[in-house]
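A.B. asks: build me a model from this:
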Amino acid sequence: GLMRTPNGHQIVDRSPIFSSVRTSLFNSATKSFTIDRVLEKTEYGWDLYDNIDVDREKMKVIQNIMGWYEEFRTVYENLVKSYVFSSKPLDVAVAEMAAEAGRKGRELKAKIRAKSKKRKGKQPAAGQYVGNDIWNQVWSFIGRSQTIEQDLLWNSNARKLARELLPYVFAIWTCLNCTSRFSSTTSSSSLSSSSSSSSSFSSFGDEQNWWDDMKQPHGAQFVVVLRMLGCGYPMFDKAVDTLPNSIHQVPTGEGKSVVLAATATVLALAGFHPYIACYSSDLSARDREDFTKLYQALGVSTKVVYGTFEQLCESVINEGFDIRNTISELLTTGHLPSVSPPEPKVRVALIDEIDVLFKKEFYATLYCPCATIATDTVSSLARRMWRERAKLGQHSRDYKQWPEYDAMLQCFPSFKTLMENQVLQMLRDLHDHEHSYVLFDGKIGYKGIDNLNFNIVHGFKTMFAYFKEADNGRVAEAELPAHIHLNILCGFFSYA
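C.D. replies: Numbers count the residues shown, from 1 in each chain. This is a model prediction of the structure:
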């Protein structure tokens, strides 16, 4: 009855009271996802291969995956059963499985040979905005701080060890999500259940009864994880020694988050740094919370990162140094900070809802971070421009006679041309500051895909919108200083 009400699904989905109901419903809905049916429906991209016997290659791939799945289920079920029917506390059981997974992960790391490389590039000309001395300093800074990239050779031996890790990862995930089945008196660890139930699995008697109530991976999830790890492709296992790029379709409600978490865990144990990106900060936070205990148990919580597409960009461009703070320091002091080369790492992007990434809002646009420069001279100039906006024409240069203008330029002696262009942009936006935004709780935000973003600025239009709302009494005067600043573009980064 509850599931038929308008909000019933949301209540069942998020309330801990219905955790066993959710698991039972999910297992019931995915019973038909047998490995045979999944393999029958899987697309292998045969049209991409020339001069091959399609029937023979398809049979070989199917036989390989069937064999791997049988091996996986055998080890996975034995791991779960050995702890379900033992008297060991949950934290001890999980720690033992994690120790074996860690050993296999270290063995996998040892099998992967790393190749390090630095990006090479010829120093371009300084351009019109900075002098040669500053530009030479910037280029030297780039050379010191750039990331040392690594390629890990993901060969057939590595893929075999990765498959051996899967049953341990999934067994730990299963046990962590079924803690209420263990005796609540057996452990005081944070991994233990807070449930008041004191029943154990052995009290059920009927093995199938409790097995159906446990979170467990179905055939489609296993196959997708395999393929994301580079297994199960035609003519692939011996011919390729890299982790392939791939796209997989898993319908809503069939466990995409589990697929991503399991794949990320294996890759993290192998030495990669997985980033699970999604368009929604709420969905990212929810998934991160759902799998935190799994990552903690296996010691990879610092390697697996969740975030939005924008946060993924931030993670990449700020690796080694904070790009905004560095630009700000250069402009205000004329010098760059000292930095150390970042730790070499191999990043892997796991994208949830990739169709959203391919929309024009992301894939066809640029990510443009800005460094904000806030000084008393900038504030004085901006406030005067707003007060005298009726006198200043769009092409007027009267502001050049103002003492506020001279004072601002004197604050940035090495970047006079850049600052002159900033003021020109400020004047253009002054006469075109009307634009669409949302005023909420005294702050200006812009609509994103699933939320309001208060960290975006549209040139100087946002600043002048704050002036306008303050004049109308809808923004407090104390709020203004935080939004009066220069916006210095740090670069243009393609989502692609």
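A.B. asks: E289 - how many residues pack around it?
C.D. replies: 10 (other CB atoms under 10 Å). (Glycine included, C-beta is placed from N, CA and C.)
A.B. asks: now for the helix or strand hosting it, which elements pack on it?
C.D. replies: Take DSSP states H and E as the rule and E289 turns out to sit in helix 281-297. Applying 3 or more CB pairs under 8 Å, 6 or more residues apart in numbering; DSSP states H and E, one finds that helix 281-297 contacts helix 90-111, helix 156-176, helix 256-269, strand 273-278, strand 305-308.
A.B. asks: I'd like the average pLDDT over that helix.
C.D. replies: The average pLDDT within helix 281-297 is 92.
A.B. asks: quick one: contacts of it?
C.D. replies: Outside helix 281-297, the residues that touch it by CB atoms under 8 Å, 6 or more residues apart in numbering are 94-95, 98, 169, 172-173, 176, 191, 257, 260-261, 265, 268, 276-278, 301, 304, 306-308, 311, 352, 450-451.
A.B. asks: what's the angle from it to helix 256-269?
C.D. replies: 50 degrees (axes from the mean of the first three to the mean of the last three CA atoms, to 10 degrees).
A.B. asks: now helix 281-297, how far from the centre of its chain.
C.D. replies: In terms of CA atoms, centre = their mean, to the nearest Å, the centre of helix 281-297 is found 11 Å from the chain centre.
A.B. asks: try stretch 89-101
C.D. replies: With CA atoms, centre = their mean, you get 28 Å for stretch 89-101.
A.B. asks: in that stretch, what's buried?
C.D. replies: 89-94, 97-98, 101 (16 or more other CB atoms under 10 Å).
A.B. asks: now swap in stretch 313-327 and tell me
C.D. replies: Under 16+ other CB under 10 Å, the buried positions of stretch 313-327 are 313-314, 317-324, 326-327.
A.B. asks: can you check stretch 330-340 too?
C.D. replies: Here stretch 330-340 shows 330-331, 336 as buried, counting by 16+ other CB under 10 Å.
A.B. asks: likewise for stretch 158-166?
C.D. replies: Those would be 158-159, 161-166, for stretch 158-166 by 16+ other CB under 10 Å.
A.B. asks: same thing with stretch 273-282?
C.D. replies: Across stretch 273-282, burial judged by 16+ other CB under 10 Å covers 273-281.
A.B. asks: mind listing the strands for this protein?
C.D. replies: 114-117, 149-152, 273-278, 305-308, 347-351, 366-367, 370-373, 438-440, 443-447, 452-453, 486-489, 493-494 (DSSP state E).
A.B. asks: so for Q410, what's the nearest residue that isn't a sequence neighbour?
C.D. replies: Nearest non-adjacent residue to Q410, counting by CB to CB, 6 or more residues apart in numbering: T377, 7.8 Å away.
A.B. asks: report the contact partners of that neighbour.
C.D. replies: 404, 407-408, 410-411.
A.B. asks: what's the distance between the nearest residue to P481 once chain neighbours are set aside and E314?
C.D. replies: Take P481 and drop its neighbours on the chain: the residue closest to it by CB to CB, 6+ apart is S379, 6.8 Å away. Note on S379: its distance to E314, by CB to CB, to the nearest Å, is 27 Å.
A.B. asks: could you list the low-pLDDT ranges of this structure?
C.D. replies: Low-confidence regions of the chain, defined by pLDDT under 70, span residues 1-33, 43-52, 54, 113-151, 179-210, 212, 234-240, 341-342.
A.B. asks: for it, longest helix please?
C.D. replies: Longest helix of the chain, by residue count under DSSP state H: helix 54-84.
A.B. asks: and the closest residue to S380 other than its chain neighbours, how many neighbours?
C.D. replies: Spatial nearest neighbour of S380, excluding adjacent residues (CB to CB, 6+ apart): E404 at 4.5 Å. By other CB under 10 Å, the residues close to E404 number 17.
A.B. asks: again, but for R73
C.D. replies: Quick note: R73 (other CB under 10 Å) scores 17 neighbours.
A.B. asks: surely I351 is in contact with L357?
C.D. replies: Yes. Counting by CB atoms under 8 Å, I351 touches L357, with 5.7 Å between them.
A.B. asks: what sits in contact with each of those two?
C.D. replies: Counting by CB under 8 Å, 6+ apart, the residues touching both I351 and L357 are A277.
A.B. asks: contacts only, for D53.
C.D. replies: Applying CB under 8 Å, 6+ apart, no residues contact D53.
A.B. asks: let me fix that: I112
C.D. replies: Contacts of I112 by CB under 8 Å, 6+ apart are 152-154, 158, 270-271.
A.B. asks: any idea how far it is from F85?
C.D. replies: With CB to CB as the criterion, I112 and F85 are 37 Å apart.
A.B. asks: thinking again about what came up before, nearest to V423, of the buried residues of stretch 330-340?
C.D. replies: Checking the buried residues of stretch 330-340 against V423 by CB to CB gives L331 as the nearest, at 14.4 Å.
A.B. asks: check the gap between the closest one and I488 for me.
C.D. replies: L331 is 7 Å from I488, by CB to CB.
A.B. asks: with R474 instead?
C.D. replies: Distance from R474 to I488, by CB to CB: 28 Å.
A.B. asks: again with A277
C.D. replies: Taken as CB to CB, the span from A277 to I488 is 27 Å.
A.B. asks: what of V316?
C.D. replies: Applying CB to CB to V316 and I488 gives a distance of 20 Å.
A.B. asks: next one: S87
C.D. replies: Distance from S87 to I488, by CB to CB: 64 Å.
A.B. asks: looking at these two, which one has more neighbours?
C.D. replies: Remark: of S87 and I488, I488 carries more neighbours, 19 against 12, as counted by other CB under 10 Å.
A.B. asks: and the end-to-end length of stretch 427-443?
C.D. replies: 23 Å (CA to CA, to the nearest Å).
A.B. asks: quick one: that stretch to chain centroid distance?
C.D. replies: Counting by CA atoms, centre = their mean, stretch 427-443 comes out at 30 Å from the chain centroid.
A.B. asks: cool, and stretch 160-178?
C.D. replies: With CA atoms, centre = their mean, you get 22 Å for stretch 160-178.
A.B. asks: that older thread, any idea how far D376 is from the residue nearest to S380?
C.D. replies: From E404 to D376 the distance is 10 Å (CB to CB).
A.B. asks: same check, this time on Y295
C.D. replies: 46 Å.
A.B. asks: between the two, who's got more neighbours?
C.D. replies: Y295 (18 against 13).
A.B. asks: mind listing what's buried along stretch 305-315?
C.D. replies: For stretch 305-315, by 16+ other CB under 10 Å, it's 305-314.
A.B. asks: list just the nearest of these to F460.
C.D. replies: For the buried residues of stretch 305-315, the nearest to F460 is E310 (21.5 Å; CB to CB).
A.B. asks: dump the residue contacts of the residue nearest to that closest one when sequence neighbours are not counted.
C.D. replies: Distance criterion CB to CB, 6+ apart; nearest residue to E310, sequence neighbours excluded, is Y367 at 6.8 Å. Counting by CB under 8 Å, 6+ apart, Y367 touches 310, 313, 317, 492-495.
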